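# sequence first, predicted model second:
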Amino acid sequence: SYQYFFGHFDNPLNLLNNLERIILKNWKLKDRDYVYSKKFGHFINLHVKARFKTKNLNNLKNRILEIDNYLLNEIKESSLILLSFDTNEVWIDKFSKKAWYAFYGNLFTQKCFNNQAKLEILNYENTKITIKKIIKILSKVGKKKKFILMVSPHRLLITYSNKDVQIADLYCKSTYLSTYSDLECSHISYFPAFEILNNLNEREIFRRDDYIHVTHKTIKNYLMPYFEKLYF
């Protein structure tokens, strides 16, 4: 079992920005990075997925400080880190110039909150630069590390690129595939989860209520045996 204590990072630029904040300490969260969501009924932070519901802003700030420390300690103790992201679509805040963890706004009109961010779609070149920076920062902290790169087998739920979602999903996965293949070296390997599942019947792979998320049964039967054979 895996513990998602601090949420997850949908795109690599959001992870990079948070590592720059937590490890390099070259920027800080400000009050305008926090928003009270009427839809959810609690405060959120635009840059950190805190998985924490509160109507008290200070409680959320303390929670983020707690999970920042948790993440930093996990990185220090880790000798192996697996990097996998769901999308290459990033919303960049116009004030902080940092990536939101996900789109926040009206899903139907695709207009973001207060017109406060702009959409950037990471291509091969800036994806590669971003991943290399992530690995460089992580390698500076704690134990000597190795890295596994993996293209997420999950399908995109939505795209903001004004394209068909299947086309956007294909472009996203192709971008990561080409990037990761160029980054393989002695301490960076690639695990072909996407390729393994892509050769199976989709009715066996995904949850039938959404055809987006891979089932635990699929992971257990098809991915973990090969993962264990390859890395253990």
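Alright, I've got the coordinates.
# so which residues make contact with the helix or strand containing residue 19?
If you go by DSSP states H and E, residue 19 is part of helix 12-19. The contact list for helix 12-19, computed with Cβ atoms under 8 Å, 6 or more residues apart in numbering, reads 9, 27, 47-48, 71, 83, 85, 88, 90, 92, 98-101, 120, 122, 127, 130-131, 133-134, 137-138. All C-beta atoms are positioned from the backbone trio N, CA, C, and that covers glycine.
# average pLDDT for it?
For helix 12-19, the mean pLDDT works out to 98.
# let me know the next secondary structure element after that helix.
With elements assigned by DSSP H and E, the helix or strand that comes after helix 12-19 is strand 34-37.
# which strands and helices sit next to that next one?
Applying 3 or more Cβ pairs under 8 Å, 6 or more residues apart in numbering; DSSP states H and E, one finds that strand 34-37 contacts strand 42-45, helix 57-77.
# so how far is the longest one off the chain centroid?
Think helix 57-77. Here helix 57-77 is found 17 Å from its chain centre; the criterion is Cα atoms, centre = their mean, to the nearest Å.
# in that helix, what's buried?
60-61, 63-64, 67-68, 71, 75 (16 or more other Cβ atoms under 10 Å).
# ok, residues contacting the helix or strand harbouring residue 91?
Residue 91 is located in strand 89-93, with elements delineated by DSSP H and E. Strand 89-93 has contacts (Cβ under 8 Å, 6+ apart) with 11, 13-14, 33, 46-47, 98-100, 102-104, 112, 116-122, 159-161, 168, 172.
# now, these that are in helices?
13-14, 168, 172 (DSSP state H).
# with distance to residue 232 as new columns, can these be given to me in a markdown table?
Shown next, in a markdown table, are those (distance: Cβ to Cβ, whole Å):
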| residue | distance to residue 232 |
| --- | --- |
| 13 | 32 |
| 14 | 30 |
| 168 | 35 |
| 172 | 30 |
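# the residue nearest to residue 12 when sequence neighbours are not counted: which element?
Ranked by Cβ to Cβ, 6 or more residues apart in numbering and with sequence neighbours excluded, the top spatial neighbour of residue 12 is residue 130, at 4.7 Å. Per DSSP H and E: residue 130 is located in helix 124-139.
# could you point out the helix or strand that follows that helix?
strand 146-149.
# that older thread, mean confidence for the strand holding residue 91?
98.
# can you list contacts of the helix or strand just after that strand?
Downstream of strand 89-93, the first helix or strand assigned by DSSP H and E is strand 105-106. Identification of contacts with strand 105-106 by Cβ under 8 Å, 6+ apart yields 111-113.
# direction included, what does strand 105-106 pair up with?
strand 111-112 (antiparallel) (DSSP bridges).
# quick one: buried residues of the least confident helix or strand in the chain by mean pLDDT?
Ranked by mean pLDDT, DSSP states H and E, the helix or strand of the chain with the weakest confidence is helix 202-205, at a mean of 76. Neighbour counts using 16+ other Cβ under 10 Å place residue 205 of helix 202-205 among the buried residues.
# can you list contacts of it?
Residues from elsewhere that reach helix 202-205 (Cβ under 8 Å, 6+ apart): 153, 197, 211, 214-215, 218.
# stretch 216-228 too?
191, 193, 196-197, 200, 204-206.
# so among those, which ones count as buried?
Counted by 16+ other Cβ under 10 Å, the contacts of stretch 216-228 give 191, 193, 196-197, 205-206 as buried.
# put together CSV for these, with distance to residue 184 on each row.
CSV is the format used below for the buried ones among the contacts of stretch 216-228 (distance: Cβ to Cβ, whole Å):
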residue, distance to residue 184
191, 11
193, 15
196, 17
197, 20
205, 25
206, 28
